[in-house]
Structure formats: C-alpha cells, structure tokens
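Chemist: Need a 3D model of the sequence below.
(2 chains)
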Protein chains: 2
Amino acid sequence: MTNEKHKDRWLWYPGDFEIRHGLLQNFQREERGFDWPAYWYMDDCHRNVKFKRYYFLDQPSMFKVTIQGVGYVEINGQKHPCGKWLTCPAGKAKIRIFVGHTSGLPAMFIEGDEVKSDIGWTASNFIEEYPAGWSPLYVDIAKDPNQIYYQKECVHPVTETEIGGGILFDFGRAVNGCVELISLDDHIESITLCYGESDVEAMDIDYCYYKQIGMTRKMKARKRAFRYLFIPEVSTGMVQLQVFHEFLSLSKQAAFSSDSSLLNQIWSVSEETFKLCSDLFFIDGIKRDRWIWSGDAYQSFMINQYLFFDEEINKRTILALRGQNEIKQHMNTIVDYSILWLIGIENHYMMTKDYEFLRIVYPKMQSLMRYLMEQTNELGFIYGRAKDWIFIDWSEMDKEGTLAAEQVLLLKAYHSMITCGDILAETYGENENYHTHLYQEKYQLLKQNLFDYFWDEELGAFIDCYESGRRNVTRHANIFAVLFDFANKDQQQSILKNVLLNDTITQITTPYFKFYEQDALCKLGQTNIVYQTILDYWGGMLSHDAVTFWEEYDPTQTGNEKYSMYGDPYGKSLCHAWGASPIYLLGRYFIGLYPTKPGYEEFMIQPNLDSFETLNCTLPIKDGKISLEKTKDKIVITSDRTGGTVKMNGKSYPLLAKQPLVLTSYSKINA
Amino acid sequence: MTNEKHKDRWLWYPGDFEIRHGLLQNFQREERGFDWPAYWYMDDCHRNVKFKRYYFLDQPSMFKVTIQGVGYVEINGQKHPCGKWLTCPAGKAKIRIFVGHTSGLPAMFIEGDEVKSDIGWTASNFIEEYPAGWSPLYVDIAKDPNQIYYQKECVHPVTETEIGGGILFDFGRAVNGCVELISLDDHIESITLCYGESDVEAMDIDYCYYKQIGMTRKMKARKRAFRYLFIPEVSTGMVQLQVFHEFLSLSKQAAFSSDSSLLNQIWSVSEETFKLCSDLFFIDGIKRDRWIWSGDAYQSFMINQYLFFDEEINKRTILALRGQNEIKQHMNTIVDYSILWLIGIENHYMMTKDYEFLRIVYPKMQSLMRYLMEQTNELGFIYGRAKDWIFIDWSEMDKEGTLAAEQVLLLKAYHSMITCGDILAETYGENENYHTHLYQEKYQLLKQNLFDYFWDEELGAFIDCYESGRRNVTRHANIFAVLFDFANKDQQQSILKNVLLNDTITQITTPYFKFYEQDALCKLGQTNIVYQTILDYWGGMLSHDAVTFWEEYDPTQTGNEKYSMYGDPYGKSLCHAWGASPIYLLGRYFIGLYPTKPGYEEFMIQPNLDSFETLNCTLPIKDGKISLEKTKDKIVITSDRTGGTVKMNGKSYPLLAKQPLVLTSYSKINA
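Modeler: Presented below is the predicted three-dimensional model:
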C-alpha cells in the first residue's frame, strides 16, 4: 500500500473527474437523428484549481509538471512554467500548481523522484481545500483524464441474411461500439446503416432508433449499442464492415454453476447485461438513455457487490450523481432518488469500509439531507415541491398528500446519516461536523408519525397516504419497511400475508421495483417463490432469445409489442442494468452472503439451497472471496479470509481462512 | 424599436454569454512563458439550457433551428432534429429547444418568417426561467457567440532602429494584437520576438514580459499588447513582420478641443487608453492582468458615460463580474469590490434607465447584499472574513477592526438597493421581491453608528478605525462620504480643510483612488485645483512620451524605475483604464453634465470653465448628445433632446431640444 501511495498519478479537485465525465455521459443520448441531453440541471467540474504541498527535502530534487489546461508552478512564491524540469530546494518548500481549463477537467501530473503527483497533495477551488482526487484508471502520464480509454474487441456477425431487400447482420450479442465501413462495391456511393436491439427494429428503416445515412468507404459511425444491423438496398458481398465493441474491463470476481442450466444461463446473461451497463458509471441501459439514474445506480451497487466488487465504479457513480456542493434540484429531479443516494452510501461503506471516501462525501450527504429536511412538515413528513418528481415507481398510487413510501425511505436515510456520522466521529475524532443529534431527533419523530399516520392496524399494512381517507394499499411502502427493518416481526408477517402474497394488491410491473419486492420476499424467507420467479420472469425473456435482460418483461406480450415502451415501438431498453438483479438475489439470499461489519470484517453466509441439486459458486468479499460447493450430500464452503460465520438450520459455524467448512445433511462434519 | 425586436439573433440563458467570456478573459493573462489564470473562484456558463415560446399562428410556418452544442427541437411535445426546416402548425403551439454544450456556451438561432429567435423567448437552466439573453454583437447566424470577432487594423512601426545587436521597432502607439513573421533571411532558422510597453522592456531580452522564442516563417504569435518589438541578432532587412491590432469598435460619442493643447492631448490619450481597455469587458489594462476587476470597472462605467455611452459593455461587465447565482467569495476576493458592484448598478440605471436589465440583475444584487449582510456585526459594521481582502487602496491604513471606508461604501450600497428596489416596484408593481424595508432598517442603523463611532468631531474627519484607539485619519473614508453625500455641508467643509487640503494627511498614491479624490475635490468646488492636477499628473506622463496613461505615476521617478511596480521591473501597466479619468472629470465637473433623472430624462449642465479660454466639446447623453462651445465672450450650449437645464452663477436656464442656449458674460442672452 505504501508503494501504491507513492506512485505517480493524475490529480484533480476531488469529484471533478466524476462530475465532468458524468456530464459527458448524460449528454450521450441519441435518438432518431438528434442528441438528447438529460433533462435536468447539470454541474460541470471546476474551471480553476490550485494544488498545494509542502516538502522537506535533504537534497534539492528535480520535477516536471504536466497539466491539462493552462497555468504555472509556484516554488516558494516564485512562478515557473509547466513542462520544464524545475528544482525543489532542500529544506521546507511550498509548492503550488495553478491549473485552469476552460473546456475540460483541470488536472496535473508531476514526474520526479521526490516531488511527484502521488498521495499527499491538496486541491483547492479557491474556496475549499481537500485531498486531491485521482483514479486508478489514470496513473499513466499519457492518459489524459479528459478522455476515456476503452478496450476494443473486434466482433463478428453470427449470421448475415439477405432479407427485405437488404442484409441483416445478427451479432448474436449486444454490442456497444463503432461500425466502420471497410469496403463497398464500386457502383455504390454510400449506404444506410440501421441499428436494432431487435431484428424488428433494425429492419424498420423509418423508425429504428439509430440510423446512419450516407456511410461512405472508410467512414466510422458514432458509438452505438445494437445487436442487429440492417443495410437496405445491398446484397451479400457488396459491403464489408468492421465492428469494434468498446468496454472498460472489470475483473469478474464471481462464478456460478448449478444443476439448472436455465438458472446458469440467467446468471450468465445477467452478468453480460451488467457488464454492458457498467461504463465509467453505472448507466441505466446501453441503447436508450445511457444516463446515470440514482435509483438504477442504487440497485447496481447491490449487484456489483456480488459480481465485480468494483469499488471504483461505485465511487465514481456516487460522485457524478451528486455533482457540486450546491443543490439545485433533486437527483434526476426525483425526490426518492436523492434519498436512495444517501442510503446507497451506507451500503457502500458496509461493503468497503472506505472511510476516506466517506469523509470526502459526508459534507455532500449533509447538504443533501438539509435540502430534504427543508421540505418536511411539522410531522416530519417529506412532501414534493413544485417541479419535484415523487416517483417511487410507475404504478397507480394514491398520491394525495404525503406518501408512505417516501417517508420510509427518508427514515432509512436518517438512519444512514447517523451511521455514517458516527463512523466518522469514531474514525477521525469527535467533531461538530459529525454530530448526529439532529438526525436522531428527526428519526424519532418521523418513525413515530410514520406508524401513527400510515400504519393501518386493521388492514395490517402501510397505506399510501392518509390525507385522502382512501386507505389505499400498494406494495411499495410495505416493501421498503421490510427491507429497512422498520417493521417488527408481527408487522412483517402481516405485510407478507396482506400485501406481498395478496393478489388483490396491484402487482409490481417494473423490474426496478420487482428488484425490491424480490429482495423483501427473500428477506421474509420466501426464497422458493423467488426462485420460481427468477425462472419464470428472467427465463421468460430467454425464451424470447434475449442475450441481455430487458427493462421490463410482460409474458403476455408475445408479438412486436414486447419491444415497445413509453409509447415508442422500440422504446424498451433490451439491455438494462436492473435486469441483472438475479445475481444479487442469488448471492444475497440463496448463497446467503452479506457483511455484518463494514468491509466484511465480519460476514455471514446463510445458505438457502433447497432448490439446488448441485451448485458451484464463487462470490467476492472485501479483499477476498468465498466459494460454496453443493453436491448431493454435502456443502463445502471456503473463504480465503477470516471473519466469516456460516449459519444453517439455526446453527452457527465459524469459517476460518482457507479451511473448507464441510456440512453434510446440513450439519457440520469437518472443519 | 418594434422592428429591432423582431430581428433574428443568437439567444442564450441570460448572463451565460458574459460569464463564459468573462472566464475566458480572466484566463488570458500571460507572463514570461506561462499562463496565469486569475486567482479566484470562477463560474462558467450553464451546460444545459432549454428555450421556450408559445406561438398562435393563423397559418403553419416553417423554421430552422441552428444551435451551438447538441440538442433538439420540440413542437407540441414531438421531438425533431436541429438544422432542418420544420413546420410550426397553426393554432396554439408550444415550441421548446433543448441545447447542451459540454465545452462552451449553449446558444440557438432560428430562421423563419414567424417562428424565429427574436425577442420573446424564455431560457431555462432547468431551475429558473428568464427572458433569453442576447447581444447586438451576435445578430448574424454566421457569428458563433463562442467566438469574439475583432476588427483588425494593420499597423506599421514608426521607427526601426538597429540597436543592441538587433532591431527595435517602435509602433508609436499601443498595439494589442498578433505579430506575423512574413519573411526571414534564408540563413536564419528562427528569431526571438521581445515585446515591450517601453523600449527598455523590449530590449531586456531576459526579463521582458512577453517573449516569443522560435518564430519561424509564416508563424503567427499569440495576441499580446506592446508598443515596442525587439528582435535580437538580426539587422535591417532580414526580417519582415506584419502586425494587426485587434479591437471591438465602439462608437465615439464625445469630442473635446480647448485652447490648451496639453489638455487636448490629455483628452485624446485618455480616449486612446480607454478604448484599448474596452474589450468585450472593461479590463484593467491590456498588457498585464487583462482581468475584469470590479473596482476598475466601477470607474470605467463613469468614464464610459462621458465618452462612448456604450450601455452594452457596462452590462456585459456587470454580468461577468457577478457570475452565477451562488456566491462563493467576494468579487475578485475583495469585499469593497463586491460593494462597488452594487453601487455601480445604480449608476448604470441613472445613466440608462434600463429597467429590463435592472429586473434581470436585481435578484443577483439581493443575494450579494445578503452575502454582505451576513458579515456585519450588531452595530451594522461589515468586517472581513477569513480570506476576504479588505482592499480599499494600497495605502497605509489603520486596519485594526472594522474600517470606516468599508462602512461608507456599504451605506451607499444599501441606498442603491433601496433605490433599485423602489424603481422595480414602481415599474413592475409592488412585489415582495422588491421590498426594501430590511435595507432601510440596515441603512438607518449603519448611518447612525457610522457617525457615532467613526466621525471624530475634534479632528473634523472620519477616522479609519475606532477599535485601536489610534484615531488615525486617511483620505479614503472621507472621500467616499463626500462622494456619496453622507457628509452634511459643515462636515464636507471640515473634510475639505482637515483632510483633502491637509498635506499632513498621507497622500493618495494610486490613480485608482486619485480618481475618487479628484471626484470629491470637484464635488466640493475645487475644480481649479483639479485642473492643475490634470495638467501636472497626466501631463507629466506625456512628458515621458506616454501614448497611453499608466497604472501609476510618480513624478519623482525619472529613470527606468518608473516602469516598475509590485516588485517587478516591468510590472507597471502603461495602458490602464483608470488612467483615462480626465474624461470623466472634465465631462462631469468642467462641462458639468450629469443626469438628474434616470436615463437623462432630466439632466443638468453646470459649467465650470474658468480655466478655459475656448472650448469646443460634445458629450453623449442617453439617446442624444449635447455640445458646448466657449469662446471669448460667450458660451453656446445645444442639446438634441429635451430635459436639460443649464445652471451657471446661481441661475438656471431650460435647455430646449435643438435650440442653442447662448450665455454671454455668463448670462443668458438668447435661447
């Protein structure tokens, strides 16, 4: 670690890299010939930054500063140009580097033996000073942090069909990249490229989402996501394409192989889906929005924990979503998405124990919580302001007055503020910045009133809203109350019976909320139901030849209407991050792995494997991994790290490092 | 005017153009091989903007949208690409245009008969909506508002001298532009260009401010300001240069010709100086900072009023200085510069009667005033916070505790808030946004305490500071109190005697504050003294062959030390905006012209022309001009507009439109 800390890297004002690239990401959307920047207020990085560090050298030492932008180097108050070898004198020296960039991220890199851009520099926006930001993706001076350096993979169509007066290429997988026109018959001036996530879309020349008109020889089209390409008015052999899929490589930490080939395929398509939606940030999907949505990201954090365990993409997504200090509106304009962002940080801390990151981000959590508290009433209930979107889900819900689901989320967010503040106080010492009295008061008030006003004893459930008098029950608030442990045992059972297993309560229709519902069902011990749902719902998509999981799936839609959404025949995203939720559900509830102390210092494995004949599975934990192998007569669990406990059938077994724990007929026989 | 309103123009979010170019301007500074972005927090324009307008057409009408950035057009909820002819249907239509720009100013231009980018569009940053911003400089679709289109003038050296082993070119004037190397002797690979505002600087190869090493044939150097160019190691005929001076043309509204050729030259060099420092914004000087400083701008507004009467440059400068809504620090980090910005807007309104601009800028005045009030104590006194710069002037001053000069400025700023709020309430109707009760209370409290704590009856003057007990008197607070009419007649006379005309009180040494001092002296009737000062101080610079007026002038410095400042041998700016103050002093106090109602609806001319044998002078007023001709036996004053009153020797005469008023022996003989 010490060596790592002393490695050169690009430095910037913390958060700026993520905010800058978040902006660029949210401007990537394209549709039918126009660009569609996301429809909310967007921050950019700072334009003017100064870096500072003190050195105490025995000998003078040379260094050279390279910057992105314009600026200069100051050594003990003397100004010098960048790009030249300079000398830091012996003794105490104050070095400052001023960098301005009018159209991108101001950043700097220092080469030198002693004076270099390693850990230890501060960055200031002329108002506040923090440890400088950096990313493991940018430790090479040749890699400008204003660019993203994708890996490229040449992909080839699996079929090429003459159809409808043209050629349809099926790549047999989702591709996110650039098409180049390598060669073209002499008599053809140019061609049209029609893209599709489905063959139907690609062949709909007039209405496909992406289309490139006038492709000429050697031309390279803009980066787009597709499985199919259709080129009208050509026949086989007239056109030669080259297609490169672009991606940021993430190291796969998990593996899953069971006796159910369907389930194995669900895992592997989930993995493929999730990989594709893990760009520099977690994006919703690769074809349509390509935007960073906080609700989607919240779920991606949970999937990531069981697949890549990539802490960096979590942090980048968290910082990009939040933007600069000042809050102008809710995240993606949605109140609940702001709240989920807060809760997600507690999750990230539990996963990583990264208190340095928590320290950087906590002030931004506090200001967001302040912003939320400003829209609570005397009962502590949060309400929507003009132009706020109280989303929760696309579902019929009684929204007259304050909403139960929103209150449950806010209650959990207070809890997250308290937890995070306490961690910082414990780690960095008591400090008024980390006081949580206010949140505790708010928490108590809200919890009391949530039950007084929204819990309907007669219905045995939370109602959407009490002001209308309609006592309407939907699943959403009840699901959140289960997930965040605000319902006691009796209430949980009541919710299970009266809501979750009650068919008269409107069904969840979006995979976004289905994620939470399955999560809650598992939590309440209904893994058998969830197992079947995974096979039916996700398996259903596979029966439609899905190579990635969709934004939404309705088994009753069997024709082309299955590709439509939001009133658009191809509006549905066929590669959508939340479609990958089986990975989380299987890891969290079937393998049953979760941290009980931050950073998996202690962790639990509570297998629920009744549905499996055999299973061979590896899952990541912080700085390690666990594996589980189930055969007919035994379960073998191994961890390469200490801290684990296995719980089965009411019994607990310690899991020692690198010592397989063997359970037979679900009792331990050998450690 | 109606026609003007219907002309096509580029539109943007109001203030964004100015903020964006203000950022670019403040990044222009260059010094000895490095760039020097201004050392404060700098805002940029918004990245994401939407424009909206409703149309009610009898017939469908075609239009085409061109944008700077990426985005789309929405007609009644349907999205369309930019750059194509679209149809706005008859009947009520809602048109929105979404424009994002990741590295510059988002802007749009619409061509069409009915639907076009004229006055009537709103712009939103997704939080607030205002009438869209525009500039008369950008009414042509071919002119991208991300660029500045300078006029270019080819300039030629007046002398070319072989000296010091090279050639020294003297252009005989200040040039701000680019040097191109047209031809070069075959045996020379490249040359070095050394620039200088003085010959001494240009010939100091090692230490001149700007130097271009390695100039090769056809190469064009970066835009720089200079009078002299020195090329070492060449002789006559070996090098051929082409030099273009770049400028934004401002129409000259004033003319001045008197019997004193020295004074005429002072006027004309002032004019040249001011023209050069009037870029897209008022900048401090053309060689060194090139930054937009609020204190300097405040004085430039006053000079502008008597020379160009260019309202646009005032507005651009005001908006650029203030930045976006959120205030991160004081303008240029200086508390008094924030306050002067507020006062300057009242001046601008008095000059222009532009209540539309006032309405746009008033919320930003209120938030700045809020920011100032947050740093006042229970006596109403403003104090500096950590990192605030309490500037006032480069002068010895007792700064222990709150400072008198700062309080006088704040008092005037409350007055400006009240005046501007009242104007808006009167123009747009009573509105809680325009309530000024709070400012009135603050004004009363501060005024009382200013006199109770800082006015020293015994000394007959304001002291710097009461907390130290030292009762130190400097000129600054006393000057401001006179200028802003906070001293009554007796106090004024006391200040004149005990401070302004008292040689034991430390002299003002900067032209910045000398401006205010001369202003105050004139206001107290001391035009004769000021006349002599103009001849001595500004005439003194001319005796040193000045072609523009300097940042500072000390008659005792006669050697090369006269070019030094801030510890740098060439640190002094030899073309500095505030050097042009004679134009203001002559116009305001000698011709005696000033508005008594906003926009010169009524105005006064109070000539003080004892020092002139003859004078022929034209000065601008809002939508017009006045001229004054003094000959041996009469003064003839003409205005092309109504509203004027001439006051001389205690008598008032109405000045009718286009009817010369003739005063002989200073009494009216003929109207």
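Chemist: With only the CA atoms kept, save stretch A:643-654 in PDB.
Modeler: The C-alpha trace of stretch A:643-654 is given here as PDB (Å, rounded to 0.1, in the frame of the first residue of the first chain):
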ATOM      1  CA  GLY A 643     -14.300 -13.200   9.600                       C
ATOM      2  CA  GLY A 644     -16.900 -15.500   8.300                       C
ATOM      3  CA  THR A 645     -19.700 -17.300  10.000                       C
ATOM      4  CA  VAL A 646     -22.000 -19.800   8.400                       C
ATOM      5  CA  LYS A 647     -25.500 -20.200   9.700                       C
ATOM      6  CA  MET A 648     -27.700 -23.100   8.700                       C
ATOM      7  CA  ASN A 649     -30.700 -24.700  10.300                       C
ATOM      8  CA  GLY A 650     -30.400 -22.400  13.300                       C
ATOM      9  CA  LYS A 651     -26.700 -23.300  13.900                       C
ATOM     10  CA  SER A 652     -23.700 -21.200  13.500                       C
ATOM     11  CA  TYR A 653     -20.200 -22.300  12.400                       C
ATOM     12  CA  PRO A 654     -17.100 -20.200  12.300                       C
END
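Chemist: Which residues does that stretch contact?
Modeler: For stretch A:643-654, contacts defined as CB atoms under 8 Å, 6 or more residues apart in numbering or on different chains pick out A:592, A:596-597, A:600-607, A:626, A:635, A:637, A:655-656, A:661, A:663, A:666-668, A:671. For glycine as for every other residue, the C-beta is placed from the backbone atoms N, C-alpha and C.
Chemist: Now which of the residues you listed would you call buried?
Modeler: Listed as buried from the contacts of stretch A:643-654 are A:592, A:600, A:603-607, A:626, A:635, A:637, A:655, A:661, A:663; burial here means 16 or more other CB atoms under 10 Å in any protein chain shown.
Chemist: Which of those residues lies at the shortest distance from chain B?
Modeler: Set against chain B, the nearest of the buried ones among the contacts of stretch A:643-654 by CB to the nearest CB is A:Tyr600 (38.9 Å).
Chemist: Could you pick out which of the buried ones among the contacts of stretch A:643-654 are located in strands?
Modeler: A:Phe603, A:Met604, A:Ile605, A:Ile626, A:Ile635, A:Ile637, A:Leu655, A:Leu661, A:Leu663 (DSSP state E).
Chemist: export the residues you listed to CSV and tack on distance to B:Phe454?
Modeler: Formatted as CSV, those follow (distance: CB to CB, whole Å):
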residue, distance to B:Phe454
A:Phe603, 68
A:Met604, 70
A:Ile605, 75
A:Ile626, 74
A:Ile635, 84
A:Ile637, 79
A:Leu655, 76
A:Leu661, 81
A:Leu663, 85
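Chemist: Confidence-wise, which of the residues you listed comes last?
Modeler: Within those, A:Leu663 has the lowest pLDDT, namely 92.
Chemist: So what sits opposite the residue lying closest to that residue once chain neighbours are set aside in the bridge?
Modeler: Closest residue to A:Leu663 apart from its sequence neighbours, by CB to CB, 6 or more residues apart in numbering or on different chains: A:Ile635 at 4.5 Å. Beta-bridge partners recorded for A:Ile635 (DSSP bridges): A:Lys630, A:Leu663.
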